[in-house]
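**Q** structure of the sequence below:
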Amino acid sequence: MAGIRAFSSISINRFRDLKQLKYLLRSIEENGKDWARRIFLVTNNQVPNYVNINHPRIRIVSHQQLFEYAKVKPPKYQLFNSITIQSMIHTIPTLSSPFYLFDDDIVIRRSLPTTVIMSENKSVIYLNADKYLMRARPQSLYDAHLQSAIDMVLKSNRLVPLLGANGRYSIGSHGPLLLYREIGMKIWDEFGPEMNLLISHPFRMPTDPSIQTLYIYMGYSNYYTFATNRNMLRFEMLSSYNPIVTRRTLQKAFEDKSIYFVCINDNLPHFDEKQQTHVNEVYETVFPKRSSFDNN
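**A** Presented below is the predicted three-dimensional model:
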């Protein structure tokens with residue numbers, strides 16, 4: 001999340017390419033062997049030149065195609081709302097169920113077997129009250145998205161046992177999550193007016209519900225199981241122009257080899273070539289092996 005102000009989804013740091021997708025793809029090939037098959041890259045008709053788009057396992061899906069698959073009318077303006085995009089991912093033909101939803105700033109740090117992410121045919125969600133404790137009362141725009149999703153479920157008279165007596169819940173806000181196409185369809189069936197209102201927002205609004213949260217709360221009984229005491233995600237924010245600080249932040253993010261996912265978010269208004277070089281150098285030390293997804 002590039003800030004908490006309204007319309008932060010048009011911030012410049014949401015458009016530039018730090019080439020993190022290259023290393024996400026490398027990490028998938030290296031550490032997702034047990035489950036990774038096809039890879040769908042959802043973009044606004046933009047494809048990085050470092051990605052081998054002719055790879056048999058890669059398919060490019062445009063925003064326009066998503067609206068066609070979902071059979072909904074796109075907004076009049078260019079789409080900058082990532083929540084809207086996430087709400088339609090389940091409509092992609094030939095997409096498996098479940099499927100992993102990744103942002104391009106996340107990589108898989110270590111080998112990720114299916115025994116870690118699945119248990120008795122249910123997806124495992126790891127709750128960590130220390131690092132990712134969210135309060136039921138929203139503190140920021142992102143928290144408001146989580147709260148909007150929970151409010152939608154509560155209004156449908158569902159029991160929500162994930163909320164404790166103290167009004168707190170602990171679900172990581174940036175980590176990847178296994179999603180089920182069936183739940184995506186159920187969300188649209190049950191919350192049609194809310195989802196169509198979401199589609200009309202070209203920018204993220206506080207009332208837009210967190211799609212991952214909706215999946216969890218709609219599918220907790222049949223699709224998800226919950227576990228604790230496993231460090232799954234390390235999150236670091238690039239927020240300094242000092243190259244030494246940038247390098248130290250990146251190295252810190254990757255130093256713990258027990259972590260499964262690393263998210264490097266970017267909150268800088270400007271990013272020059274030197275900083276890009278520092279980012280690439282650290283990523284290259286972690287994922288030096290070229291993948292078949294790299295473009296020659």
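
**Q** what's around the residue lying closest to Asn265 once chain neighbours are set aside, how many residues?
**A** Take Asn265 and drop its neighbours on the chain: the residue closest to it by CB to CB, 6 or more residues apart in numbering is Met237, 4.9 Å away. C-beta here means a position set from N, CA and C on the backbone, and glycine is covered the same way. Neighbour count of Met237, defined by other CB atoms under 10 Å: 15.

**Q** list phi and psi for Met237.
**A** Phi and psi for Met237, reported as degrees, to the nearest 10, are phi -110, psi 130.

**Q** got a list of what it touches?
**A** Contacts for Met237 (CB atoms under 8 Å, 6 or more residues apart in numbering) come out as Thr249, Asn265, Asp266, Asn267.

**Q** distance-wise, check the nearest residue to the last one once chain neighbours are set aside relative to Leu233.
**A** In other words, Asn267. Leaving aside its chain neighbours, Asn267 sits nearest to Ser239 (4.9 Å; criterion: CB to CB, 6+ apart). From Ser239 across to Leu233, the span is 18 Å (CB to CB, to the nearest Å).

**Q** neighbour count winner among these two?
**A** Leu233 (20 against 12).

**Q** what about stretch 108-120, distance to the chain center?
**A** In this view, stretch 108-120 has its centroid 17 Å away from the chain centroid, taken as CA atoms, centre = their mean, to the nearest Å.

**Q** correction: the previous question concerned stretch 147-155.
**A** Distance, centroid of stretch 147-155 to centroid of chain: 20 Å (CA atoms, centre = their mean).

**Q** for that stretch, buried residues please.
**A** Gln147, Ser148, Ala149, Ile150, Met152, Val153 (16 or more other CB atoms under 10 Å).

**Q** likewise stretch 234-249?
**A** Arg234, Phe235, Leu238, Thr246, Thr249.

**Q** show me what contacts the first one?
**A** Which is Arg234. By CB under 8 Å, 6+ apart, the neighbours of Arg234 are Arg109, Ala253, Phe254, Asp256, Ile259, Phe261, Val262, Cys263.

**Q** at 10 Å instead, please
**A** Neighbour list for Arg234: 109, 131, 174-175, 252-256, 258-264 [criterion: CB atoms under 10 Å, 6 or more residues apart in numbering].

**Q** just the buried subset of these, please.
**A** Buried members of the contacts of Arg234, counted by 16+ other CB under 10 Å: Arg109, His174, Gly175, Ala253, Phe254, Ile259, Tyr260, Phe261, Val262, Cys263, Ile264.

**Q** could I get the contacting residues of the first one?
**A** What it means is Arg109. 27, 31, 232-234, 253-254, 256-262, 286-287.

**Q** okay, among these, which ones form the most distant pair?
**A** Met232 and Phe287 (18.7 Å; CB to CB).

**Q** point out where this protein drops to low pLDDT.
**A** Residues of the chain meeting the criterion pLDDT under 70: 1-16, 127-143, 157-174, 229.

**Q** tell me where it has helices.
**A** Assigned by DSSP state H, the helices in the chain fall at 20-31, 63-70, 82-88, 114-117, 141-155, 181-190, 192-199, 211-219, 243-255, 273-286.

**Q** before we move on, back to that, give me the subset of the contacts of Met237 that lies in strands.
**A** Asn265, Asp266 (DSSP state E).

**Q** restrict the contacts of Met237 to the buried ones and give me that as a PyMOL selection.
**A** Buried members of these, identified by 16+ other CB under 10 Å, are gathered into one PyMOL selection as follows:
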select buried, resi 249+265+266
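
**Q** tell me which of the contacts of Met237 is nearest to Thr114?
**A** Asn265 (27.3 Å).

**Q** is it true that the closest one touches Leu250?
**A** No: using CB atoms under 10 Å, Asn265 is not in contact with Leu250, being 11.8 Å away.

**Q** shared neighbours, the two?
**A** Applying CB under 10 Å, 6+ apart, one finds that Asn265 and Leu250 are jointly contacted by Glu236, Leu238.

**Q** roughly how far does the closest residue to His55 other than its chain neighbours sit from Val61?
**A** Nearest residue to His55 in three dimensions, chain neighbours excluded: Phe293, at 5.6 Å (CB to CB, 6+ apart). With distances taken as CB to CB, Phe293 is found 16 Å from Val61.

**Q** and Asn265, by the same measure?
**A** 24 Å.

**Q** what about Ile89, how many residues nearby?
**A** 20.

**Q** swap that for Gln78, sorry
**A** By other CB under 10 Å, neighbour count at Gln78 equals 10.

**Q** still on that earlier bit, I'd like the distance between the residue nearest to Asn267 and Phe254.
**A** Counting by CB to CB, the gap from Ser239 to Phe254 is 17 Å.
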